[in-house]
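*Asks:* Here you go, sequence then predicted model.
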Amino acid sequence: MLRLSWSTFTERWPLFVGAALTVCLGVALVQSSLLVLISVATLDAPAGLSTTELAGFAESVEVGVTLSALTLAFSAFLTVFIVGSTFAFTVAQRRRDLALLRLAGGGRGQLRRLLLSEAVLLGGIGTAAGVPVGLAVMAFQSWLLGALGFVPPGFTPQWRTWILGVSVGVGLAVAVAGVLVAARRASRVQPLEALRDSGEAARVMTAGRWGAGGLFGAGAVALVVLSPLGGAGGGQAMAVNAALCAAVAFSALSPLLVPGIARLLPAQAGGVLAELAGANLRDGVRRSASIAAPLIVLVGLLLGQTAALTSFATAAAAEQRRGTSGDLVVEATGAAAGPWVSGVPGVAATSTELTVPISVTRGTGEDAETERGAALVVDPAAYERFHPGTAGLAGLRGRAAAAGPGGDAGSPGETVAVRAGGADLGPLLVVAAAPARIGGGANLLLPAGLVPEHELADAPSRTFVALHPGADGMAVAAAVAAVGEVHTVDEWSARDAAARDAMSTSVLLVIMGLGGVYALIGVINAVVVGASARRPEFAAARAAGLSRGQVVRSALLESWAVTVIGLLLGVLAAGTTFLAVLATTAVVTGAATLAVPWPFVLTVCVGAFLVTGATSVITSMSATRTLPVALLGSRE
Amino acid sequence: MTQTMTPPATAAVALRGVSRTYGTGPAAVRAVDRVDLDFRRGTWTAVMGPSGSGKSTLLHCAAGLERVDAGQVLLGDTDIGTAGDAELTALRRERIGFVFQSFNLLGALTAEQNVALPLRLAGRRPSRSEVRAVLAAVGLADRARHRPRELSGGQQQRVAIARAMVTRPDVLFADEPTGALDSTTARTVLGLLRAVVDGGQTIVMVTHDPAAAAHADGVVFLRDGRVVDRLAGASARDVADRLVTLER
């Protein structure tokens, strides 16, 4: 059987090289993401850091861990999806060979063993290549995290020998899992049906596909419906995952959806080549669906993630602006700036907010959980004045705290143990809550006087300033510039929005950058695998009078039609995230917000057409290199 | 001249009241309709009939490639109509061989690998000389290392016959084995099939070519899924005449 696998491998290498490549890149991505995650999570703080610096280091590590974990989850999902669909497609492409084996006396078990041993062989080859490639990916990922400031300076990921076991396990497991269902199905099909491609063998919409489509489709709907109920944090997570579920559902249902949508394309208007392309697209359902599937996932995830990140950033910026009044903002260090600013002539009122790192312990005994975060030291009345929508902070005095706009550190009525910087503040009763913000913010508000002064000496401070009517804003700004950086509230808000946008782009780049490239390679792979079995079909078309150029053009049209459908379904999948974003922002911020980055959408669409077009032309040129008569004369 | 076919006691394959219908309701087509037929051991029977007469379906039912809706298909004493997949697989390894019009060789394997395949699937490790001997018997000793695409149509069909014969099956089912070959090559292939029968094996062959059918010991004519006539030792002209009569 191994010899047969090897003979098949040498004969159909483009089919198998593509499959091994998907394993290689998947293993590389997962290995790298896991090593980066473990390295960030186990990073030791350099010696000699102050309490504030230590808090900053811990926050940086937390951000690094969160992003690496998301990258790992995304990489693992893509690896399972792309390897699974590629391997299933390679099995489907070999139906005829498998039928012939059955006719020659091959048992079902033998066929399954053949396919599984091939999967082990390809998984092994892919893993062997994936481990060193993973090192290069790790170098890139850690560089990217460092360059974008998501990990502490000087971070270098560490190699761990046990990762070899993980990589081999991942490589073999995804490869074997990828063929398991396809092999079972292929071995159950009657040989004559497989030879004729009729009956059960011709059925592309399997029960598994219906099941996955239904399950993930229901999941997407549930996430859209529930997202507005999830609050600021939960709503965002659900919105992002809605597109993922919808993309998997559409991919599973693609044998049904792709030819269905293809019927709506105006093939007749494009002449005989377009007609031929349309017929081939509908007839080659397996091929069309296999090319569309990674495209749907790529586009759905990219657009969904991008729109979600951009929309929430836009909503957060708008919410920030709506939730802030005043004329100027002074950013300085330490507690002294605030009182000084309030003494400047022309200043009517101020609210000074000092940011201190905190750790909050909720619950007691075994249930106690400690989380790091940030608190704002505020004057409650001034805070309410400068943050419209905030009320009920009158009780915030003495040994009390209020839940901040970032939440997650206690609800009114709850007692939490708080450490601010190096000072243990002891148990504090949460007496009120500032409105939760979609863009997050401080976890707690603390009254002035609770945190020891020395802990506030280096704390970043932000003082909002309201001017007397008729006061010379320029003059006041010039005067307060002596203690810190001064901006109008509008400028400060715009700068904040820009920073949020930049952060969204960076997060997207880290999480989706390499994953997106991987999914794109999955698309290319599907086009190559699809074209590898079409030599006789192309030869027959040429024998019917088509020139080589016409065959290539017809294949290109078909490829582009599949791309249009893949993009359409990908955008529809992303649409579930759009809906969830609108619902979540409407509930959390009061204003439904959706920001679709159209230039990015356009880039993805044009990129998809270029990639599928170029791959299609190259593969069909290659498949039509031999004279048709030579191919038709030798059917095997 | 119509003659009675062989007595059941010596039948390699026997069909008893076999029916096979495709589709349901008004669109249903009964491709094989209550056929009773015996193929005597050590004989070569050609199955002929107009297009759509059900001859390929009959062959596939007799070979266990298609389930019958009614009736029995006996391979020797084994009712293959009720056989499970494992049993059918074992039958294909040991007692049944196939030859198709389109050769159906595995493109990735060389001629000798294709020929050795059924034995290897049965768990045997045939020696190279054993496989080469079978290839030599079909005149392809010098093509053992060639892949199917490097062989002519006739050569591919001879590899297919060698593959079908390597296990020395009781019955060889051939579906238009000369349909894709020129007349000279077809004669070579038919000569090989005659040698197989002379060696004691049984052949059931579907063909539309009277010249090919004339090489068989007997000819069964089908129309609308039923056996309508039989000939034994007929010439190509007799067969052609009978066929023309049926197609009227």
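*Replies:* Received it, and whenever you're ready, just let me know what you need.
*Asks:* shaky segments in chain B?
*Replies:* Low-confidence regions of chain B, defined by pLDDT under 70, span residues B:1-9.
*Asks:* Which residues of it lie near chain A?
*Replies:* Taking CB under 8 Å from any CB of the partner chain as the measure of proximity, chain B contacts chain A at B:60, B:65-66, B:85-86, B:89-90, B:92-94, B:98, B:102-110, B:113, B:117-118, B:120-122, B:147-151, B:153, B:156, B:163, B:167. Heads up, the C-betas are built off the backbone N, CA and C, glycines and all.
*Asks:* Now go through these and say which are in strands.
*Replies:* B:F98 (DSSP state E).
*Asks:* Selection in PyMOL covering whichever of the residues of chain B next to chain A are buried, please.
*Replies:* For anyone working in PyMOL, the buried entries among the residues of chain B next to chain A, judged by 16 or more other CB atoms under 10 Å in any protein chain shown, can be selected with:
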select buried, chain B and resi 60+65+66+89+90+92+93+98+102+103+104+105+106+107+108+109+110+113+117+118+120+121+122+147+148+151+153+156+163+167
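*Asks:* And the strands in the stretch 301-450 of chain A?
*Replies:* Under the criterion DSSP state E, counting those that start in this stretch, the stretch 301-450 of chain A carries strands at the ranges A:328-333, A:347-362, A:369-378, A:400-403, A:415-420, A:423-433, A:444-447.
*Asks:* and of those, who's closest to chain B?
*Replies:* Comparing the strands of the stretch 301-450 of chain A by their distance to chain B (CB to the nearest CB), the top pick is strand A:369-378, with 57.0 Å.
*Asks:* okay, that closest one in CSV with CA atoms only?
*Replies:* Once side chains and other backbone atoms are set aside, the C-alpha atoms of strand A:369-378 remain, and they are given as CSV (Å, rounded to 0.1, in the frame of the first residue of the first chain):
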residue,chain,number,x,y,z
GLU,A,369,-9.6,36.4,41.8
THR,A,370,-7.1,39.2,41.3
GLU,A,371,-7.0,41.2,38.1
ARG,A,372,-4.7,44.0,37.1
GLY,A,373,-6.0,47.2,35.7
ALA,A,374,-6.1,50.9,36.0
ALA,A,375,-7.9,53.4,38.2
LEU,A,376,-8.6,57.1,37.9
VAL,A,377,-8.2,59.2,40.9
VAL,A,378,-10.9,61.9,40.6
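*Asks:* So what's the gap between it and the chain middle?
*Replies:* Computed by CA atoms, centre = their mean, to the nearest Å, the separation of strand A:369-378 from the middle of its chain amounts to 28 Å.
*Asks:* and what of stretch A:97-106?
*Replies:* Going by CA atoms, centre = their mean, where stretch A:97-106 is centred and where its chain is centred differ by 43 Å.
*Asks:* before we move on, what about stretch A:58-67?
*Replies:* 17 Å.
*Asks:* do stretch A:506-521 as well
*Replies:* For stretch A:506-521, the distance to the chain centre is 8 Å (CA atoms, centre = their mean).
*Asks:* Export the strands of the stretch 301-450 of chain A to TSV and append columns for mean neighbour count, mean pLDDT and distance to A:V63.
*Replies:* Converted to TSV, the strands of the stretch 301-450 of chain A look like this (neighbours: other CB atoms under 10 Å in any protein chain shown; pLDDT from 0 to 100; distance: least, CB to CB, whole Å):
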stretch	mean neighbour count	mean pLDDT	distance to A:V63
strand A:328-333	21	91	21
strand A:347-362	21	90	14
strand A:369-378	20	87	11
strand A:400-403	25	89	22
strand A:415-420	22	88	20
strand A:423-433	17	87	24
strand A:444-447	25	90	19
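*Asks:* okay, the ones you listed in TSV with distance to A:L244 next?
*Replies:* TSV is the format used below for these (distance: least, CB to CB, whole Å):
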stretch	distance to A:L244
strand A:328-333	38
strand A:347-362	31
strand A:369-378	27
strand A:400-403	31
strand A:415-420	35
strand A:423-433	32
strand A:444-447	33
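*Asks:* Just the element for residue 20, please.
*Replies:* In the absence of a named chain, this looks at chain A. With elements taken from DSSP states H and E, the one containing A:A20 is helix A:13-41.
*Asks:* Sorry, I should have been clearer: chain B.
*Replies:* For B:R20, the element it lies in under DSSP H and E is strand B:11-22.
*Asks:* What residues of that strand count as buried?
*Replies:* Residues of strand B:11-22 classed as buried under the neighbour-count rule (16+ other CB under 10 Å) are B:11-16, B:18-21.
*Asks:* Show me the two of these that sit farthest apart.
*Replies:* With distances taken as CB to CB, the most widely separated pair in these is B:A12 and B:T21, at 26.1 Å.
*Asks:* Could you double-check that A:A316 lies in contact with A:R500?
*Replies:* Yes - between A:A316 and A:R500 there is a contact at 5.9 Å, judged by CB atoms under 8 Å.
*Asks:* what is in contact with these two at once?
*Replies:* Here A:A316 and A:R500 share the contacting residues A:G439, scored by CB atoms under 8 Å, 6 or more residues apart in numbering or on different chains.
*Asks:* The helix holding A:A20 vs chain B: in contact?
*Replies:* No - judged by CB under 8 Å from any CB, helix A:13-41 stays clear of chain B, getting no closer than 10.3 Å.
*Asks:* buried set for that helix?
*Replies:* The neighbour-count criterion (16+ other CB under 10 Å) identifies A:15-40 as the buried residues of helix A:13-41.
*Asks:* ok, stretch A:540-547 near chain B or not?
*Replies:* No - using CB under 8 Å from any CB, stretch A:540-547 stays clear of chain B, with a minimum separation of 13.9 Å.
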